[in-house]
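With the input below, show me the fold.
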Amino acid sequence: MALRVAQLWRYPVKSLAGEQLSTTEVGLDGIPGDRNVRVRGPEGVRTARRQYRLLGLRGTLDALGHPRVNGHLWNSDEAVELIKSAAGQDAWLEACSDLGRFDILPLLVATDGALAAFGRDVRRLRPNIIIEGVEGLAERQWPGAELHIGNAVIRLDALRGRCHMTTIDPDTLDVNPAVLRDIVRRFDNKLALDAEVIRGGTIRVGDRVTLVMKPERDLTWSV
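Prediction:
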């Protein structure tokens, strides 16, 4: 397989729509600026799993590296009002820099073969890196393997179990529970791979990717 980086994504505000990148550094905490702000309520962190209208807002980083919500600085009154309208009047935003801001590991890697089988908008899966040139569901054999991209080395840990967020249309915010049922039925509720950075480096769209399988692991998968 001739593998390349097809897309790069960052989500400066957790559970909001993200932004595509043409190049990025990766380090032990993933992509700089990824999920550095999150939504809170009195009970704890709020996400689009329940407050699905959060996906109708867009998180970006400005030229100075400050997170923004629909163009407003994340800690501005305008940004907070947008968050309250989507997640409840008792919601607020807070900065978060520890690794606990990630659901599992700092990166999520998806492949074009599995996305083609999924047959829906990739934004439903919220990946950080999309790899192209992958045949069918080959990603299901990849847990334990490494991706070498330039100087960066990324270890693929496990297939990601999917949740209710996949049922939300990223444009209309319509909710279709059949999407998650389909993922459960056809993919055992697992699509894309949780990953961590073993060695940091720069990654660009179009970069060649080398897949290094680890022989000590049984990486076979059967239908």
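
Mind telling me what element Ile183 is part of?
helix 178-187 (DSSP states H and E).

do Gly59 as well
strand 59-61.

The residue nearest to Arg208 when sequence neighbours are not counted: which element?
Of all residues not flanking Arg208 in the chain, Arg4 sits nearest, at 5.8 Å (CB to CB, 6 or more residues apart in numbering). From N, CA and C alone the C-beta is placed, and that goes for glycine too. Using DSSP H and E, Arg4 sits within strand 3-10.

Over that strand, what's the mean pLDDT, rounded is fine.
Strand 3-10 carries an average pLDDT of 98.

likewise stretch 193-211?
pLDDT averaged over stretch 193-211 gives 98.

Ok, stretch 46-55 next?
96.

ok, now stretch 132-147?
Mean predicted lDDT for stretch 132-147 stands at 97.

Span of that stretch from start to end?
13 Å (CA to CA, to the nearest Å).

now stretch 167-178
Start-to-end, stretch 167-178 (CA to CA) is 7 Å.

One more: stretch 58-67?
Taking CA to CA, the first and last residues of stretch 58-67 lie 10 Å apart.

what's the spacing between that stretch and its chain's center?
With CA atoms, centre = their mean, to the nearest Å as the basis, stretch 58-67 stands 17 Å off its chain's centre.

buried sites along it?
58-61, 67 (16 or more other CB atoms under 10 Å).

what would these look like in a markdown table with pLDDT and distance to Phe102?
Output for these, formatted as a markdown table (pLDDT from 0 to 100; distance: CB to CB, whole Å):
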| residue | pLDDT | distance to Phe102 |
| --- | --- | --- |
| Arg58 | 98 | 20 |
| Gly59 | 98 | 15 |
| Thr60 | 98 | 19 |
| Leu61 | 97 | 17 |
| Pro67 | 98 | 16 |
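
Now flag whichever of those is closest to Asp121.
Checking the buried residues of stretch 58-67 against Asp121 with CB to CB, the nearest one is Arg58 at 15.1 Å.

Could you verify my assumption that the closest one touches Glu19?
Yes - contact criterion CB atoms under 8 Å: Arg58 and Glu19 qualify, at 7.2 Å.

Let me see the domain layout of the chain.
3-9+22-29+102-212, 37-101 (automatic domain parsing).
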